[in-house]
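Peer 1: everything below, folded, please.
(4 chains)
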Number of protein chains: 2
Amino acid sequence: MPLDRIDRRILAHLQEDADITNAALAERVGLSPSTCLRRVQRLKETGVIRRTVAVVDAEAVGRGLTAVVEVQLSHHGAPQRQDFIARVRQEPAVMQAWGVTGEPDVILVLQLATMSEYQGVIERLFANDPLVERFYTYVAVETYKSRTAVPVEA
Amino acid sequence: MPLDRIDRRILAHLQEDADITNAALAERVGLSPSTCLRRVQRLKETGVIRRTVAVVDAEAVGRGLTAVVEVQLSHHGAPQRQDFIARVRQEPAVMQAWGVTGEPDVILVLQLATMSEYQGVIERLFANDPLVERFYTYVAVETYKSRTAVPVEA
DNA sequence: TATGAAATATTTCGTTC
DNA sequence: GAACGAAATATTTCATA
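Peer 2: I've put the predicted structure just below:
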């Protein structure tokens, strides 16, 4: 069953503020509270809403350093690649990791406390791994935009 | 007032699941429900918890296409740069945008519905802007890791 | 100032229409 | 989708350390 306009309005609201009371949400999307609640529950059950989480200020917890790392791998066997991916997944500082088309093979987004933590991450991920051909790191000097909400409305 | 160990445990839990009841959270961090609730409120008031949001499955809402774009700008006046940043902020598909050290000046993360939407975004951001020297786009083929939770514990 | 326990208010859930 | 009571949960108040 596809998402209708009301579902999308619910998603738009909850992506901005999931602390809103069900009564207030219902009013904003034009439903009765009980109907609205059942819609929200269904969106969670079907996995459209994967979960609801607190968004923490990285600065406030001493992790305000963001870095983007592009990694080029030598195109050898898939097994070593899996090892590399497993190490990436294990690193707490790695927030996002994608396999991509183009010159880099993998792009990482790191959220760090200090440059010395960066050193440690880089060593654990890249040192002594012949699969890793080279990597480039770009440190964020300024954050122009940072959203968690996926656009859901036309 | 710095965050103590209990604050950090609260943050760790709420970053994974903000739907947890206060009673259950209190038990997990070893506090009484009322004390726990007040801690959570304080974390929100002081901005450590910026907000709580629903995490939506991008695939489920037809926006499963992720792209990373590196942009190089000619180093001219700051005013045009502000215009460019303003356009970036206006684009709903732009999830993250950083100004970075190194060869690219700006890195964008896009969350798209289709490649034709990509075309539109690129045109609006880059076309006829002499500030934009060049850009490279890397389309995500696979997502290895995607977290919203900033590491808060030692 | 921080905590915990009890009282109150609100939200959520099942049933019925 | 609406209306209701019952259960669960959150919030406030107040006493204590």
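
Peer 1: for residue B:64, see how far away residue A:42 is.
Peer 2: 21 Å (Cβ to Cβ, to the nearest Å). (Glycine included, C-beta is placed from N, CA and C.)

Peer 1: you'd agree residue A:47 is up against residue B:57?
Peer 2: Yes. Counting by Cβ atoms under 8 Å, residue A:47 touches residue B:57, with 5.8 Å between them.

Peer 1: next, find the distance separating the residue of chain A most remote from its centre from DNA strand D.
Peer 2: What lies farthest from the middle of chain A is residue A:32; by Cα atoms, centre = their mean that is 32.9 Å. With distances taken as Cβ to the nearest atom of the strand, to the nearest Å, residue A:32 is found 2 Å from DNA strand D.

Peer 1: give me the spatial nearest neighbour of that residue, chain neighbours excluded.
Peer 2: Counting by Cβ to Cβ, 6 or more residues apart in numbering or on different chains, residue A:26 is the residue found nearest to residue A:32 once chain neighbours are left out, at 6.1 Å.

Peer 1: report the longest strand in chain A, please.
Peer 2: strand A:132-146 (DSSP state E).

Peer 1: what helix or strand does residue A:92 sit in?
Peer 2: For residue A:92, there is no helix or strand it lies in under DSSP states H and E.

Peer 1: now it: how far from residue B:15?
Peer 2: 12 Å.

Peer 1: which secondary structure elements does the helix or strand containing residue A:68 sit against?
Peer 2: Here residue A:68, judged by DSSP H and E, is contained in strand A:65-73. Packing partners of strand A:65-73 (3 or more Cβ pairs under 8 Å, 6 or more residues apart in numbering or on different chains; DSSP states H and E): strand A:106-112, helix A:115-126, strand A:132-146, strand B:94-100.

Peer 1: kindly recompute the last result at 10 Å.
Peer 2: Contacts defined by 3 or more Cβ pairs under 10 Å, 6 or more residues apart in numbering or on different chains; DSSP states H and E place strand A:65-73 against helix A:78-90, strand A:94-100, strand A:106-112, helix A:115-126, strand A:132-146, strand B:65-73, strand B:94-100, strand B:106-112.

Peer 1: could you dump stretch A:19-36 to CSV, C-alpha only?
Peer 2: Output in CSV follows, covering the C-alpha atoms of stretch A:19-36 (Å, rounded to 0.1, in the frame of the first residue of the first chain):
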residue,chain,number,x,y,z
ASP,A,19,8.3,14.9,20.3
ILE,A,20,5.0,16.5,19.1
THR,A,21,2.0,15.0,20.9
ASN,A,22,-0.3,12.8,18.9
ALA,A,23,-3.1,15.2,19.4
ALA,A,24,-1.2,18.1,17.9
LEU,A,25,0.0,16.0,15.0
ALA,A,26,-3.5,14.8,14.3
GLU,A,27,-4.7,18.4,14.2
ARG,A,28,-2.0,19.5,11.8
VAL,A,29,-2.6,16.7,9.3
GLY,A,30,-6.4,16.9,9.7
LEU,A,31,-7.1,13.6,11.3
SER,A,32,-8.7,12.5,14.6
PRO,A,33,-6.1,11.5,17.2
SER,A,34,-6.9,7.8,17.1
THR,A,35,-6.7,7.6,13.4
CYS,A,36,-3.5,9.6,13.3
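
Peer 1: what residues sit buried inside that stretch?
Peer 2: A:25, A:26, A:29, A:31, A:36 (16 or more other Cβ atoms under 10 Å in any protein chain shown).

Peer 1: looking at the residues you listed, which one is closest to residue B:144?
Peer 2: residue A:25 (34.0 Å; Cβ to Cβ).

Peer 1: so the closest one makes contact with residue A:32?
Peer 2: No. Counting by Cβ atoms under 10 Å, residue A:25 does not reach residue A:32; the two are 11.3 Å apart.

Peer 1: and residue A:47 and residue B:57? Which one has more around it.
Peer 2: Legend: neighbour count by other Cβ atoms under 10 Å in any protein chain shown for residue A:47 and residue B:57, higher for residue B:57 (16 against 12).

Peer 1: how far away is the more buried one from DNA strand C?
Peer 2: According to Cβ to the nearest atom of the strand, residue B:57 stands 21 Å off from DNA strand C.

Peer 1: ok, now which ones touch whichever residue of chain A sits closest to DNA strand C?
Peer 2: Among the residues of chain A, residue A:22 lies nearest to DNA strand C; the distance is 2.9 Å by Cβ to the nearest atom of the strand. Residue A:22 sits next to A:31, A:33, A:34, A:36, A:37, A:40 when contact means Cβ atoms under 10 Å, 6 or more residues apart in numbering or on different chains.
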